[in-house]
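Visitor: sequence first, predicted model second:
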Amino acid sequence: MTIEIRPDDALIVIDVQNDFCPGGALAVPDGDAVVPVINGLIGRFAHVILTQDWHPAGHRSFASTHPGRQPFESIAWSYGPQTLWPDHCIQGSTGAEFHPDLRVDTAELVIRKGFRGEIDSYSAFMENDKTSRTGLAGYLRERRLNRLFFCGLALDFCVGWSALDGRRESFPAYLIEDACRAIDLNGSRAGALEQLQAADVQVITAGQFV
Ligand code: VGL
Ligand code: ZN
């Protein structure tokens, strides 16, 4: 299936930040490999939106704020299970900056997320409590944007959750698989792809754009 990019399509680039790339605090294997693929897409979409994971120091999702806990352990929070992470994407840090080669200049909106100390936020639309909204759905509707194409880091967390929420908000949603990389904790990559397919998010590759 080939896909023709339309004037009301939006490319949503999730968390292509230094801390998610090799050498970063929460490095996604091969994470920086998405940069040239995404740059090519950014050059073709009329609407580009970026997200930036943006945590205060001492964020509750950091294992370091829970004595005796290790990164990648899961704990029970009031709003459900939460994975604990290494300290990452701290507001104003180099790790929180976009990858230096990412073509950010044409982006019309940057959504920052995870800035509340007590709530984690994977999705570009909604924090992990499933209540607090980022405003992205309203922005997209007001701007009359329609199909959403998701890419970035990491497929099994922030990209996957964003695409699922985009679909739940009734937008046609696509995930560009070769413009993503996964953390893959306990099979989370395969699990995310299953959930996406079940939710009617189309999983595509960058080569399908004509
Ligand atoms: C992410 C874990 C913690 C992501 C962000 O961007 O996928 N994952 N914070
Ligand atoms: Zn985070």
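Guide: The structure has been received and is ready for your questions. Ligands and ions are numbered 1, 2, ... in the order given.
Visitor: longest helix in this protein, by residue count?
Guide: helix 188-198 (DSSP state H).
Visitor: now do the contacts for residue 196.
Guide: Going by Cβ atoms under 8 Å, 6 or more residues apart in numbering, residue 196 touches 160, 163, 164, 175, 203. All C-beta spots, glycine's among them, are computed from the backbone N, C-alpha and C.
Visitor: and the two most separated of those?
Guide: Farthest pair in those (Cβ to Cβ) is 164 and 203. Separation: 12.1 Å.
Visitor: between these two, who's got more neighbours?
Guide: The residue with more neighbours, out of residue 164 and residue 203, is residue 164; 24 against 15, by other Cβ atoms under 10 Å.
Visitor: which strand or helix spans the more buried one?
Guide: Using DSSP states H and E, residue 164 sits within helix 160-168.
Visitor: and that helix, what does it pack onto?
Guide: strand 10-14, strand 148-153, strand 173-181, helix 188-198 (3 or more Cβ pairs under 8 Å, 6 or more residues apart in numbering; DSSP states H and E).
Visitor: which residues of the protein lie near ligand 1?
Guide: 15, 20, 53, 85, 122, 153, 154, 157, 158 (Cβ under 6 Å from any ligand atom).
Visitor: shouldn't the second one be in contact with residue 29?
Guide: No: using Cβ atoms under 8 Å, residue 20 makes no contact with residue 29, being 10.4 Å away.
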